[in-house]
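Undergrad: Next one to model:
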Amino acid sequence: MTTTHNLGFPRIGAQRELKKALESYWSGQIDAGQLEKAGQELRAHHWQQQQAAGLDLIPVGDFSWYDHILDMSAMLGAVPERFQWSGERVDLDTYFRMARGRAPSGEPAAAGEMTKWFDTNYHYIVPEFRPEQEFQLSCSKLFDEVTEALALGYRVKPVLPGPLTYLWLGKSRQGGFEKLELLDALIPAYSEILLRLRDLGVEWVQIDEPILSLDLPQAWRSAFESAYNRLQVPGLKRLLATYFGPLQENLTLACRLPVDGLHVDAVRAAEEVDQLLSWLPSYKVLSVGIVDGRNIWRSDLDHALQRLAVLKEKLGERLWLAPSCSLLHVPVDLAQESGLDDEIKSWLAFASQKIEEIVTLRQALDEEPETVADRLASARSAVATRRSSSRIHSRTVKARTATVTGAMAQRGSSYQTRAPKQRSWLRLPLFPTTTIGSFPQTAEIRQARRDLKQGRICEADYRQRMQQEIALAVEKQEQLGLDVLVHGEPERNDMVEYFGELLDGFAFSRYGWVQSYGSRCVKPPIIYGDVSRPEPMTVAWITYAQSLTDKPMKGMLTGPATILNWSFVRDDQPRSETCLQIALALRDEVLDLERAGIRVIQIDEAAMREGLPLRKGDWECYFDWAVGAFRIAASGVADETQIHTHMCYSEFNDIIKSVAKMDADVITIETSRSDMELLQAFEDFEYPNEIGPGVYDIHSPNIPTVEQIVSLLQKAAGLIPAERLWVNPDCGLKTRAWPEVEEALEKMVTAAQLLRSSGKGGKA
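TA: Below is the predicted model of the structure:
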C-alpha cells in the first residue's frame, strides 16, 4: 500500500483560535494554564481531522506558539544573553520575549530579528549565535506533544528543522567566525532529540532541509554527509524533506545521504522526479509532494494519477504521497466558505481538502478507481470549468498589456533633476519625519466595518465614521510635529485585501486566514482572472485628508509585486503577466491621485524580495518584470511628484542594486530589529536616492528611547548624506495601540529635532 502523510498542518485554527488565545494571554486575560489548554485542544482537533481524512502518518511538532524556528532555538537553548535566561528550561515567557520583546513576566528586551521564510509570506525569528555557542536540550515541547498524540492513539511522525537549515537561517552579531563551525556542537543535541523520540516509540521522524533547494557553498554541501552520518539512531527511520524548489546540483547529494527516505516538491520541481528514480537507492522511500502546499487551486487528479502510476510501478510500497510542503501556507478548511461564489469555490482546495486529495490519489492507485470515481469526476469537472470559464479572460485587459512600452517604465527625468523640484515645494527640514501609512485599527474602526457588512449602518454613515478617524489621525500627527502626513488607512481591512476588493479579477474568502507571524494572520485575496480597475480606489479618502492640513499628505497604495506575492495567484498564465495587469491598474490610480493634487505617493513593495526565486540564476528575470511593474505603476507622474516605496522584514543587502533600479524618490525600509545591519550594503554601494531606515520596531510593544533612535540615525548618517535621510518607524502602525504609537512617535520626532539642532548630520 502507498503511504500517505502530511508535512505540517496550519496551526492557527479554522476560526483563528490560536491567535485569540495568544493575544488573551499577552494581555493578561488568561493564564499560562489556559493557554496550554487551548493549544492542546487545537492540536487534538487537527490530529483527529487528519486521521479521519485517511492519512497514515500524522505530523507532530508542526504546532507552534509563535514560530517553529524559534521553537528549535528554545529546544536547543540558543537564547541570546539579553534575555537573562537562567540556562535551565526555556519557559513560555522567555520564549515570547525572544519573539516579541515582551511577555507577561520577565524584563522586556529587544525582540529577535524577524525575516521571511524562504519565498513565502511567513516570518521566522532568526536564531542568534555567538562563537562559543553551546546547545543543550532546554525545552520538552516536542516530546510532550509526541506523548500527547501517542496517548490519543495516533501514528505520529515528529517534524523538526534539520541542523544545516537551522544554522543557515541563523546569524551572529559578533564577527570572527563562520556559523557552520557550530555544527560539531549542534549534532550531539540533535542526536539526543532523535534518541528521545525513538525511546518514546516513534518509528519515523521528518527532518526538514529546505536549503537543499538553494545555491549552497561547497562547505555546506560537504557538511550534509558528515552531519547525517552522525545522526543515525538504530530503530528510528528518518525522512529528509526538501521543498520550495528543485534540487538541481544537490539532487545526487540528497539521494546519497544516509537516511531512510527523501521527500521532494513534485509541484515546483516536477521535472526532477524521473531523475530521482535513477539516483535513489533501492531501499529508500520516495515521498512525492504531488499536491500544491503553497496555493489554493484544486489539483488535476487525472494528471497526477498518470504521473504517479509510473512511479508506483517502479517503487511499489516505497512510494509515499504528501503535499509539496507544509500546509502552513494555505487556509484551514474550504467547507466554512458559505458566502464564496459557488463556481469559484468549486475551483479551490484549502488544507483539509488537500489532505483529501492525497488520500483520493492513494485510493485510486491502490484500489479500484471506481471507489473514488465521484471524487475524481468532481475534480475533473472543476479543472475543466475553470479552464473554460468566461470570467477569467478580458479582451480589454489583454489588449492594454499588449500596448505597454519601455517608455512607460521611465520617469521623465533622473532623480538628480527631480529632487530639487520636489524639495522646492515640499520645503522640508533636514531629517524629515513621516510614518509608513497605517495607524491603529481600533475596536471602534473594526466594529464600524462589521456594522457596514452586516447592514446595521449605511455606506454614508460608514464614510462619516472613517472621516472622523482620518481627522483624528491628521490632528494627532500635527500635534506630534510630523512633517509628511498620512491619512491612517482606517477604511482598509488589509493592505492587499482592500485593493483586491476594488479590482476586477479578485475573489475573497471569509475564513481563508493564513499565519504571517505569531498571532498575525492575513487573508490573501484570490486572483482568479484578468485584473483591471473599474474606478478610483483611494482618491476620495486621500483628498479628504489633504483638505484637513497644509502639510503634504501621502497617497498610500500597495505595489504590484506585493499584491501579487500576498495573494493566491492564478496558475494558468505567467505571474509576470498578472503583475503587469496589476501595475497598469495602479498606474491609473497614481495618475488620478496626482490630478487630485496629491504630490507625495507611496507605493509599498513590502513583498518585493519575497517573490525572489530561490536560485540566483533566476533573479535577473524576476527583477526585470517585478521592478518593471513597479516602474510602470509609478512613472507616469511629473518630476515634482515624489514617489515613495516601503519594504519590510527581508534581507536586502544582496539585492540593493535591484532595489535602486526601482528609482523611487524615497524608500523606507526595516532596519531596527537588525540594528541597522542593512546599512552595511551602503558601504560598498552608494544608494542614489533618498532613504528612511526604520528607527524603531513596531512589531514589539517596547517603546524606543530618544537616545536609541538618535544612535541608529547617526549610524545611518555615517553612510548616507543627511540631506537624503528620512526618519520613520520600520513598518505600519496598524497593530499597535494609540498610547504607545503617540509615545514612540513623539520620541522619534524629538530625535530628529535633536539631530537637526546638533548639526551632526553625518556623511557630507
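Undergrad: can we go C-alpha only for contacts and neighbour counts from here?
TA: Noted.
Undergrad: So which helix or strand of the chain has the lowest pLDDT on average?
TA: In the chain, no helix or strand scores lower on mean pLDDT, DSSP states H and E than helix 681-684, which sits at a mean of 71.
Undergrad: which helices and strands does the helix or strand following that helix pack with?
TA: From helix 681-684 onward toward the C-terminus, using DSSP states H and E, the following helix or strand is strand 690-693. Secondary-structure packing of strand 690-693 (3 or more CA pairs under 8 Å, 6 or more residues apart in numbering; DSSP states H and E): strand 666-669.
Undergrad: Go through the strand it packs on and list whatever outside residues touch any part of it.
TA: With CA atoms under 8 Å, 6 or more residues apart in numbering as the test, strand 666-669 has contacts from 436, 642-648, 689-694, 726, 728, 730-731.
Undergrad: So for that strand, mean pLDDT?
TA: Strand 666-669 carries an average pLDDT of 90.
Undergrad: Tell me the strands beside that strand, with direction?
TA: Neighbouring strands of strand 666-669 in its sheet, by DSSP bridges, are strand 642-647 (parallel), strand 690-693 (parallel).
Undergrad: Determine how far that strand lies from the middle of the whole chain.
TA: 19 Å (CA atoms, centre = their mean, to the nearest Å).
Undergrad: same deal with stretch 187-194?
TA: With CA atoms, centre = their mean as the basis, stretch 187-194 stands 30 Å off its chain's centre.
Undergrad: which other residues reach that stretch?
TA: Applying CA under 8 Å, 6+ apart, the external contacts of stretch 187-194 come out as 76, 135, 136, 137, 163, 227, 230, 231, 232, 233, 236.
Undergrad: and that stretch, what's its mean pLDDT?
TA: Mean predicted confidence for stretch 187-194 is 98.
Undergrad: Kindly export it (C-alpha atoms) in PDB.
TA: Provided in PDB are the C-alpha atoms of stretch 187-194 (Å, rounded to 0.1, in the frame of the first residue of the first chain):
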ATOM      1  CA  ILE A 187      25.000  17.500  16.200                       C
ATOM      2  CA  PRO A 188      25.100  15.900  19.700                       C
ATOM      3  CA  ALA A 189      22.000  17.900  20.700                       C
ATOM      4  CA  TYR A 190      20.200  16.700  17.600                       C
ATOM      5  CA  SER A 191      21.300  13.100  18.300                       C
ATOM      6  CA  GLU A 192      19.800  13.400  21.800                       C
ATOM      7  CA  ILE A 193      16.500  14.600  20.300                       C
ATOM      8  CA  LEU A 194      16.400  11.600  18.000                       C
END
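Undergrad: Endpoints of stretch 474-494, how far apart?
TA: End-to-end distance for stretch 474-494, by CA to CA, to the nearest Å: 20 Å.
Undergrad: Quick check: buried residues in the strand or helix carrying residue 446?
TA: In this structure, residue 446 sits in helix 443-453 according to DSSP H and E. Buried positions in helix 443-453, judged by neighbour count with 16 or more other CA atoms under 10 Å: 445, 448, 449, 452.
Undergrad: Who does residue 159 form a beta bridge with?
TA: According to DSSP bridges, beta-bridge pairing links residue 159 with residue 206.
Undergrad: May I see the PyMOL selection of the buried members of the contacts of stretch 187-194?
TA: In PyMOL syntax, the buried subset of those is picked out as below (16+ other CA under 10 Å):
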select buried, resi 76+135+136+137+163+227+231+232+236
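Undergrad: Just flag the most distant two among the contacts of stretch 187-194.
TA: Greatest spacing in these, by CA to CA: 135 and 236 (22.1 Å).
Undergrad: now residue 663: how far from residue 556?
TA: Distance, residue 663 to residue 556, using CA to CA: 17 Å.
Undergrad: That should have said residue 299, apologies.
TA: The gap separating residue 299 from residue 556 is 37 Å, by CA to CA.
Undergrad: re the thing from before, starting at the chain centroid, how far to the helix holding residue 446?
TA: Using CA atoms, centre = their mean, the offset of helix 443-453 from its chain centre is 26 Å.
Undergrad: outside of that helix, which residues touch it?
TA: Here helix 443-453 has contacts from 457, 458, 459, 462, 465, 466, 469, 490, 491, using CA under 8 Å, 6+ apart.
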